[in-house]
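J.: Pasting a predicted model and its sequence here:
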Amino acid sequence: MENETLPRTAAAIRFVTILLLVISVAHAQSKVDAGWPSYGNDPGGSRYSPLRLINRDNVTQLRVLWTYRTGALPHDQELDRKAAFEATPILVDGKLFLSTPYDHVIALNPETGAKLWEFDPKLELPYGASEVTSRGVSAWRDSSAKAAQACALRIFVGTLDARLIALDGVTGKPCADFGANGEVDLTSGVRLRDPGDYEVTSAPAIVKDLVITGSAIGDGRAVTLERGIVRAYDCHTGQLRWSFDPIPWATKTEPRTGAGNAWSTLSVDADRDLLFIPTGSASPDYYGGIRKGDNKWANSVVALRASTGEFVWGFQVVHHDLWDYDVASQPTLFTWRDGTPALAISTKMGRIFVLNRLTGAPLLPVEERPVPKSDIPGEDSWPTQPASTISLVPEKLSAEDAWGKNPEERAGCADKIKAARAGDIFTPPSLQGTLVFPGSVGGVNWGGAAFDPQRHLLFVDTNRLAIFVKMIPREQFDAARKSATSDDRLHGEFAKQAGAPYAIFRTPLLSPSGLPCNPPPWGTVVAVDLFSGKKTWDVPLGSFLPDVNTGTITLGGPFATAGGLVFTAATMDNYLRAFESDSGKELWKFELPAGGQATPMTYGLNGKQYLVICAGGHGKLGTKQGDYVLAFALP
C-alpha cells in the first residue's frame, strides 16, 4: 500500500504546485493588464493608471517598441499650418483607437502597432477653418447586442465639419442605424455663420445609452456667433434626446451674442447621473458692452442631469470675461478627504477650484476680490472676480520683471511693458493696449490635469506667457491692419469682432530673439495636494535654451501611475518626460520625432505595460510636424 501511495502523493504535489504557479502568474498578469477606455482613462478624467510595472526604478530602461505612421501629414499646405496631432488613443476590446488632425479614425493592434482598419470621413474644410485637430474618440458597448453583431462596439468621433459619426469597432464601417447612414449633422439648429468655424475637436462623452458633445467655435469673428449648445443623442439611433444652451440670455441681446460653448472634454459621474460641462466665453471675447452682466453660465463648470439635460448647479470662474479665459480643461472628478464626491477644475488663470461635485459649493475657500475697472467707453466690467486658494502661476507683470538674453533685450521688454496698461490679473483690455497675464494660452489649457488618488496629488502643465491686447475703434480697424509691421503679422492676430464698436489686435509679449519678455520658467509641471491646497512641487518643463531649464509653452497634459510616475510631453523642445510623483525629479526623457502636443496614455496587455503618445506637432505653435504614434515598453 505504501509503495502505491507515494507516487500518487508526488503527482498530487506536482499538480498543486503547477496550479499555484498558474494562479500566481494569472494574479500577477491581472495586476498589469489594464485598459484606457476613455480619453481621460475614466469618464471623470483622472488620467491615472493603477499600473506599476514601469516605475521609478526602471523607467530609464524604456525603449520604443513600435512606431506607426498615420499618413495624415502633409495633407494640405494651407490647412497643415493649423494642424495639430493632439489625440490621446483609447484601448477597448483589445484594440487601440485614435483620430488624426483630419478626423481619420484608426484602429491598431496595441501589441504590434499594425493597422486593423481606417475610416476617412472625407472632410471638406474651407481654408478659414479655425482649428485642424481632433483630441480623440469615444467608445460605447451595446449591452443588448450579441458579441458578433455589427456595431455592438461603437466608436464615436466628432468632426471638423460638425458631424457626429458612429463606427463599428470591429470593421470601422459606419453604423447605418445611427442618424443618416452613420452620422448626425451638428449644424442643425445652431445658425451656422461661417463654415469651418463650427467644429468638434474633443472626444464626446458617453453616459449609458447617450453620446454627448459640445462644439468648438472660432472666436473673434463677430458678436453674433453660433450657439454653444451641448446635445445628447441616442447611441443606437442618433435621435436627439436633449439640448442645453449655457447662455440662453444671449438671444435677447442686440445684436444677438453667441458662443459660451463647451469645446473641451466633458466629465461624467454615471452613478449619480451627472454630467460636468466646462464652458468658454460669450462672444465677442474682448468686448462685453453688448453682453451686460456676469454672463452666466459662460466661463463656468455646469452640472447637468445626464439623462435629461436638466440644470443641477453652476460655478463661474470668470465673470463677464474680457480676457479669453475659457474653461479649457476637462473637470477632474475625485473623492475629497472626508469622502465627499468632489471636482477640481484647472483654469487658464492658473487657479484651481475644488468643488463639491453634488452641489458646486467650494471645498477650498473662494473669495470675490476687487479687480481693475475698464476704461473703454461702453464697457461695464464686473467689479470682482473669484480667487481660489490654489494659484499656480504669477498673476502680475511690471517693467522691473522684464527679461531678456542681454541688457538691450531687457530694456526693450521693459519699454513694451511700460507702454501698456499693466498690473494685476484681470486688468481689462484698453485702447492703450493691456498686458493680459497669464495670457489666453494659460495657466492651464486643454491638457488639463491628472490625479493620483493614493497621494491626493493633482498634476498639471502650466504656461507663463503675457499677451498684449489692444482695442481698436471700428473705424480705425482697416488702417491698423494695413499699417501693421511684419513682426505684427508674424506673431500677432487681428480680430474683427464684427457688430461691436471695437476690434482687437493681440500678440505674445516677446523680445527680439523671440523669447517671452516675462521671466522664466515659461512652462512647468506642478503637483498640488488637493486636500490642503498647497503646492508640493513645481519644476520647469522643457527648455528653449541649451542646458538651461527655462521651461517652454506647453500644449498637452500629464498622466500619473501607481508606479510613482508622472508622464508628460507638451513642450516645444519635443521631449516626452517622466517625473517622480513625490518629488518632481525628472527621471527620464526621450526626444520625439515630432512635437508631442498630446497627452500620452498607458495600458497593460499580457504581462507588459505600454506607454503610447501621438507625436505630430502643432502648426500654430510652430513645433515640428509629423504623423507618428509611438509605443514604449521595458525590454
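T.: Everything's here; your move.

J.: SS state for A411?
T.: What DSSP: H, G, I helix; E, B strand; the rest coil gives for A411 is helix.

J.: correct me, but it touches G404?
T.: Yes: A411 is within contact range of G404, at 7.4 Å (criterion: Cβ atoms under 8 Å). Every residue, glycine included, has its C-beta placed from N, CA and C.

J.: Could you give the average pLDDT over stretch 431-450?
T.: Taken as a whole, stretch 431-450 carries a mean pLDDT of 96.

J.: and A411 and G404? which has more neighbours close in?
T.: Taking other Cβ atoms under 10 Å, A411 and G404 do not tie; G404 has more neighbours (19 against 13).

J.: how close does T384 get to H319?
T.: 7 Å (Cβ to Cβ, to the nearest Å).

J.: Pick out whichever of the two has more residues nearby.
T.: Set side by side, T384 and H319 show more neighbours around H319, with 23 against 13, by other Cβ under 10 Å.

J.: did I read that right, the more buried one in a strand?
T.: No: going by three-state DSSP, the assignment for H319 is coil, not a strand.

J.: could you list every residue that touches it?
T.: Residues near H319 by Cβ atoms under 8 Å, 6 or more residues apart in numbering: D294, N295, N299, W382, T384, Q385, P386.

J.: I'd like to know which of those is nearest to A148.
T.: When these are compared for distance to A148 (Cβ to Cβ), N299 wins out at 47.1 Å.

J.: Among the contacts of H319, which one lies nearest to P372?
T.: Distance to P372 across the contacts of H319 (Cβ to Cβ) is lowest for Q385, with 10.2 Å.

J.: residue contacts, that closest one?
T.: By Cβ under 8 Å, 6+ apart, the contact set of Q385 is V318, H319, E368, R369, V371, I425, F426.

J.: From the contacts of H319, keep the buried residues only.
T.: Buried by 16 or more other Cβ atoms under 10 Å: D294, N295, N299, W382, Q385, P386, out of those.

J.: Quick check: the gap between the closest residue to K496 other than its chain neighbours and D161.
T.: Sequence neighbours aside, A503 is the residue nearest to K496 in space, at 5.2 Å (criterion: Cβ to Cβ, 6 or more residues apart in numbering). Using Cβ to Cβ, A503 is found at 28 Å from D161.

J.: Which one's more surrounded, these two?
T.: Shown here are A503 and D161; by other Cβ under 10 Å, A503 has more neighbours (25 against 21).

J.: Just to be sure, the more buried one is in a strand?
T.: Yes: counting by three-state DSSP, A503 is located in a strand.

J.: Can you tell me how far it is from E254?
T.: In this view, A503 and E254 are 19 Å apart by Cβ to Cβ.

J.: Of the contacts of H319, which belong to strands?
T.: Among the contacts of H319, DSSP state E puts T384, Q385, P386 in strands.

J.: Closest one to R474 out of those, please.
T.: Relative to R474, and with distances defined as Cβ to Cβ, the nearest of the ones in strands among the contacts of H319 is Q385, at 27.8 Å.

J.: Dig out what that closest one forms beta bridges with.
T.: On the basis of DSSP bridges, Q385 is bridged to R369.

J.: Over to F451?
T.: Going by DSSP bridges, F451 forms beta bridges with L458.

J.: ok, now which ones touch it?
T.: S46, R47, Y48, T332, F334, A344, L457, L458, F459, L530, A560.

J.: now swap in P394 and tell me
T.: The contact partners of P394, by Cβ under 8 Å, 6+ apart, come to F437, P438, R464, N518.

J.: Kindly provide the distance from it to L545.
T.: From P394 to L545 the distance is 20 Å (Cβ to Cβ).

J.: How about D478?
T.: 40 Å.

J.: follow-up on the earlier one: of the contacts of P394, which is the most crowded?
T.: The most crowded member of the contacts of P394, judged by other Cβ under 10 Å, is P438 (28 neighbours).

J.: Would you enumerate the residues in contact with that residue?
T.: Contacts of P438 were listed using Cβ under 8 Å, 6+ apart, and they are K348, M349, G350, V393, P394, E395, I425, N463, R464, L465, A466.

J.: before we move on, what about G136?
T.: Y39, A87, T88, P89, I90, L98, S99, S202, A203.

J.: how about JSON lines for those residues, with secondary structure, pLDDT and distance to T550 added?
T.: Listed next are the contacts of G136 as JSON lines, based on DSSP: H, G, I helix; E, B strand; the rest coil; pLDDT from 0 to 100; distance: Cβ to Cβ, whole Å:
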{"residue": "Y39", "secondary structure": "coil", "pLDDT": "98", "distance to T550": "30"}
{"residue": "A87", "secondary structure": "coil", "pLDDT": "98", "distance to T550": "28"}
{"residue": "T88", "secondary structure": "coil", "pLDDT": "98", "distance to T550": "26"}
{"residue": "P89", "secondary structure": "coil", "pLDDT": "98", "distance to T550": "30"}
{"residue": "I90", "secondary structure": "strand", "pLDDT": "98", "distance to T550": "34"}
{"residue": "L98", "secondary structure": "strand", "pLDDT": "98", "distance to T550": "31"}
{"residue": "S99", "secondary structure": "strand", "pLDDT": "98", "distance to T550": "32"}
{"residue": "S202", "secondary structure": "coil", "pLDDT": "98", "distance to T550": "30"}
{"residue": "A203", "secondary structure": "coil", "pLDDT": "98", "distance to T550": "32"}
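
J.: in this protein, which spans are helices?
T.: For the chain, the helices defined by DSSP state H cover 2-32, 77-80, 407-419, 477-482, 486-491.

J.: how many other residues sit next to I229?
T.: Residues lying near I229 (other Cβ under 10 Å) number 20.

J.: Could you report the pLDDT at it?
T.: You'll see I229 listed with a pLDDT of 97.

J.: cool, P126 as well?
T.: 88.

J.: Find the nearest non-adjacent residue to it, please.
T.: G196 (4.1 Å).

J.: quick one: contacts for that neighbour?
T.: Shown in contact with G196 (Cβ under 8 Å, 6+ apart): L125, P126, Y127, G128, A129, S130, L160, D161, G218.

J.: For it, grab phi and psi.
T.: phi 100, psi -10 (degrees, to the nearest 10).

J.: any idea how far it lies from Y127?
T.: Look at G196 and Y127: by Cβ to Cβ, they are 8 Å apart.

J.: Need the residues touching each of these two.
T.: By Cβ under 8 Å, 6+ apart, no residue touches both G196 and Y127.

J.: Let me know the closest of the contacts of P394 to P246.
T.: Using Cβ to Cβ, P438 comes nearest to P246 of the contacts of P394, at 23.5 Å.

J.: residue nearest the centroid of this protein?
T.: With distances taken as Cα atoms, centre = their mean, W446 lies nearest the centre of the chain, 2.5 Å away.

J.: Hmm, it is touching T554, no?
T.: No: under the criterion of Cβ under 8 Å, W446 makes no contact with T554, lying 10.7 Å away.

J.: And for W588, the neighbour number?
T.: There are 19 residues near W588, going by other Cβ under 10 Å.

J.: what separates the spatially closest residue to it that is not a sequence neighbour from Q454, distance-wise?
T.: In this structure, W588 finds its nearest non-sequential neighbour in A578, 4.3 Å apart by Cβ to Cβ, 6+ apart. Noted for A578: a distance of 17 Å to Q454, by Cβ to Cβ.

J.: who has more neighbours, these two?
T.: Remark: of A578 and Q454, A578 carries more neighbours, 27 against 11, as counted by other Cβ under 10 Å.
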